[in-house]
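Asker: kindly generate the corresponding structure for this input.
(chains A and B)
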Amino acid sequence: MRSGLLKIAASAAAGAVLALGLGNAIAAETPKRGGTLKFVIPAEPPSYDGHRETTFALVHPIAPFYSLLIRPNPDNPSDSSDFTCDLCTEMPKATDGGKKYTFKLKSGVTFHDGSPLTAADVKATYDKIIFPPADVSSARKAYFVMVDNVEAPDDLTVVFNLKYPSGAFIPALATPFNFIYQKAKLDQDMKWYEKNILGSGPFVFVEHQAGALFKGKRNDNFYVEGQPYLDGFEGIIAEKQSLRVQAIRGDRAAIEFRGFPPKSRDDLKAALGDDLTVQESDWNCVLIITPNHDVAPFNDVRARRALTLAVDRWGGSKYLSEIAIVKTVGGVAFPGHPLAATKAELEQIAGYWPDIAKSRAESKKLLQEAGVDLSKTYVLNNRGVDQPYTIVGTWLIDQWKQVGLNFEQRVQPTGPFYDTLRSKRDFSVSLDFNCQSVVNPLLDISKFLSNDISDSQYGGYIDRDVDDLFNKMNQEGDQAKQREYMRQFEKLTLDEHANNFITLWWYRIIPHRAYLKGWNISPSHYVNNDLANVWLDQ
Amino acid sequence: MSTTPMAAEPTEARIERRSVWHFMRRMLRTQPLGVAGGLIVLLMVLMAIFADVVAPYDPTANSFEYMSEPPSWQFLLGTDQFGRDIFSRIIYGARTALLVGFVASFVGCFLGLVLGVGSAYFGGYVDLIFQRFLDVFMSFPIIILALAMVAIFGTGLDKVILAITIPIIPRCARVVRSSALAIREMPYVDAARSIGYSHSRIILRHMIPNVTAPFLIMLTAFMGQAILLEASLSYLGLGVQEPIPAWGLMLQGGASEYAESAPWIAVFPGLAITLAVFGFNLFGDAVRDTLDPRLRSQ
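Answerer: Modelled structure (predicted):
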């Protein structure tokens, strides 16, 4: 009996301690209201129009001013299939055989000018994105190739009718650039949003000092009760990485949302200790080796296969991840996604063989068979951005040198770099990139399609086998079947037809001040930047 | 004839007559710093020529197992973030520096010489228009002009040489012209003209040899400047590109990111640039002091 009482007393005491501890933990994580978040931005946005632009430089300072229809769950953004409502009340189930999605909107939402946000605004927004007028640029129009039309039957209902069921639709809808614009402004001028900001997001635009900063203040009429927690934010533009690192170190800024190389993380951690929190994630960005299919010797599939066979991706992952923002070995689909290749599957593809000596021997044999002139120096076109472009470029040149191929690196600023890819085309091989926001491999791989379909494929090839597989995959509802097509697509693209090649997937490292809470890293530097749930523990 | 030509003649003539050994002995006695500069330049030249023999490692080969190693007996100046031996890259980097320095300054100064002398000789509207044209170029600081040239021509070793050569031309032309203007008034030039020598003969045989001193001074001065410009352009990512060993590029790769944890990545290329420019400047000053009669008499 005594023993029983003791047990109960001990259990009660333990329960009390646990409850107290848990209570403290909850109290410690209860968001605090107030404060201004300062963060650094590596570049200036070309315009304010999210529908037109593709750069993080727009999302980081401007996303807090806007709402989205749906978005990746801000509390769990690393899960590529966890989407949640922003303006809608509930994630809809597809009807009409998977071809119809009906969204109900929250009532009482207003734009920052006080006017109500209705389904007409959402329809006008998506009509601009999906069916833009000829003189209006929409960067993500192709994401919605499956959409037939958008309807707004009443003020709080939006309906998307698809041409065919597609697993790519919901992730496309959650793209963080799909800011909801006001219909009246779009009716007035479709390009109004290029130079103006008017949203319904958690923060209200205050000012933009070109080349210096963006300022926003709390939207007191925000539709999520209690949010945002911050009084406001300041996005400070600092192009030099060393400046951005120093800004965090000196507490002039709490965070930079794009990502730092491992060395900067280590330096900051050594300097700040527990005052720094580091979040890391695989990144939905990858550098692609793009041989020029129009000129010898890489118009020969054997020479192209030799290129990929010379590259030691498994070894490179180990060492490059110490100096650059790349890490994970993967195929065409984002590593870890259900549609991505496993290690065993990758090892069946040229360039991923586990035995690099065997791979390079095969590479040399192919170069000889293709009659590649090894006394020549070929041009590797690259973008003038250190992380990770020139670092990976320098690594690749060393890899190719080991099979006798000599390359010189031609590094150019972004404008001339694209001019070379699109117009001049005077390169043997180029590095190119594929950076996407919401993980959506079914569409993310459109980069690898024939160049009369994909505007961003710079190899210059037409490959109908690859195009057919892409179409089959996107019109297939069964994920197992999609996965099967994806493997065939991957094998053709990276190996048998050797159209272009994946290097290493990027790795996102965000060291930030420990007092910044509520922000969770995602696999994309475009995602989860509205700052509504961010707070300062100060 | 007046005595003026005789007064001008001896300076140039004496220089030609003197033996190299005499020149060197005098340099050593009167210009010890210049000789030190000359030795640095000579060391650079030897490093560049015999880089294949002197460098212990391939300067471009990545050795990831030796990333960012500090200086040791195995790697005298340490390794960079790619595991490349910094000592070997500095030795090979001398090739890049000298190639850019020599070619850009020689071509730039030679074109400046021809244009400067031609402008002075023809005078009148030719000189007026040409000088205003030079004014436009000279109104830009040399680094700004070089940056503009790189923006036009693009990056790469050949383009960098071109980008550095162009800003040198007007500067050299202006200095040479001022000397040539004095030469043009010399009676022996008038004499050459009066007996019907062609313009090219007068310029090549009578004027250019007499502006050799300022030409040589500019040449040596611009070599150091060209090396510094190449390093600056590469540091800004607009010059020579990886994996070519070049000092400015090495500095760029290590300066900001590794300054604290692996300072040797930036320090040694920085020292190499400093030493090379210092050497060329000392040598150039000494050449100027020796060849310029006004300074020599002081």
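Asker: and B:Phe87, what are its phi and psi?
Answerer: Main-chain dihedrals, B:Phe87, degrees, to the nearest 10: phi -60, psi -50.
Asker: could you measure from it over to chain A?
Answerer: 19 Å (Cβ to the nearest Cβ, to the nearest Å). Placement of C-beta: from N, CA and C, glycine included.
Asker: for chain A, what are the nearby residues on the stretch 101-250 of chain B?
Answerer: Contacts of the stretch 101-250 of chain B with chain A, taken as Cβ under 8 Å from any Cβ of the partner chain, map to B:Gly154, B:Thr155, B:Gly156, B:Gly237, B:Gln241, B:Glu242, B:Pro243, B:Ile244.
Asker: what's the burial count for A:Gly97?
Answerer: Each residue near A:Gly97 was counted by other Cβ atoms under 10 Å in any protein chain shown, and the total is 10.
Asker: wait, it sits on A:Tyr164?
Answerer: No. Judged on Cβ atoms under 8 Å, A:Gly97 makes no contact with A:Tyr164 at a distance of 9.1 Å.
Asker: now name the helix or strand holding the one residue in the stretch 51-200 of chain A that gets nearest to chain B.
Answerer: In the stretch 51-200 of chain A, the residue that lies nearest chain B is A:Ala57 (19.1 Å; Cβ to the nearest Cβ). Per DSSP states H and E, A:Ala57 falls inside helix A:56-62.
Asker: got a list of contacts for that helix?
Answerer: A:39, A:41-50, A:176-177, A:179, A:197, A:208, A:214, A:216, A:235, A:257-258, A:525-526, A:529 (Cβ atoms under 8 Å, 6 or more residues apart in numbering or on different chains).
Asker: in ChimeraX, select just the buried ones from those.
Answerer: Buried residues among those (16 or more other Cβ atoms under 10 Å in any protein chain shown), as a ChimeraX selection:
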select /A:39,41,42,44,45,48,49,50,176,177,179,197,208,214,216,235,257,258,525,526,529
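Asker: which of the contacts of helix A:56-62 fall within strands?
Answerer: Cross-referencing the contacts of helix A:56-62 against strands under DSSP state E gives A:Phe39, A:Ile41, A:His208, A:Phe214, A:Gly216, A:Gly235.
Asker: can you list the low-confidence ranges for the stretch 51-200 of chain B?
Answerer: Of all residues in the stretch 51-200 of chain B, none has pLDDT under 70.
Asker: which stretches of the stretch 1-150 of chain B form helices?
Answerer: For the stretch 1-150 of chain B, applying DSSP state H, counting those that start in this stretch gives helices covering B:4-17, B:20-30, B:32-49, B:51-54, B:86-122, B:124-138, B:142-153.
Asker: list the contacts for the residue in the stretch 51-200 of chain B that chain A sits nearest to?
Answerer: Residue nearest to chain A within the stretch 51-200 of chain B: B:Phe64 (3.6 Å; Cβ to the nearest Cβ). By Cβ under 8 Å, 6+ apart, B:Phe64 lies in contact with A:Gly315, A:Lys318, A:Tyr319, B:Phe82, B:Gly83.
Asker: what do you get for A:Tyr461?
Answerer: By Cβ under 8 Å, 6+ apart, the neighbours of A:Tyr461 are A:His293, A:Ser450, A:Asn451, A:Asn499.
Asker: export stretch B:126-134 as CSV, just CAs?
Answerer: Taking Å, rounded to 0.1, in the frame of the first residue of the first chain, the C-alpha atoms of stretch B:126-134 are listed here in CSV:
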residue,chain,number,x,y,z
VAL,B,126,45.7,66.9,-86.7
ASP,B,127,47.3,67.6,-83.3
LEU,B,128,44.4,69.6,-82.1
ILE,B,129,41.8,67.0,-82.9
PHE,B,130,43.9,64.2,-81.8
GLN,B,131,44.7,65.8,-78.5
ARG,B,132,41.0,66.5,-77.8
PHE,B,133,40.4,62.8,-78.6
LEU,B,134,43.0,61.9,-76.0
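Asker: and for that stretch, what's in contact with it?
Answerer: B:Leu115, B:Gly118, B:Ser119, B:Ala120, B:Pro170, B:Ala173, B:Arg174, B:Arg177.
Asker: if we can go back for a sec, neighbouring strands of the next helix or strand after the helix holding A:Ala57 in the sheet, and parallel or not?
Answerer: Following helix A:56-62 in sequence order, the next helix or strand is strand A:70-72 (DSSP H and E). Sheet pairing of strand A:70-72 (DSSP bridges) gives strand A:83-85 (antiparallel).
Asker: got a list of contacts for the partner strand?
Answerer: Contacts for strand A:83-85 (Cβ under 8 Å, 6+ apart): A:Leu69, A:Ile70, A:Arg71, A:Pro72, A:Asn73, A:Pro74, A:Met91, A:Ile170, A:Pro171, A:Ala174.
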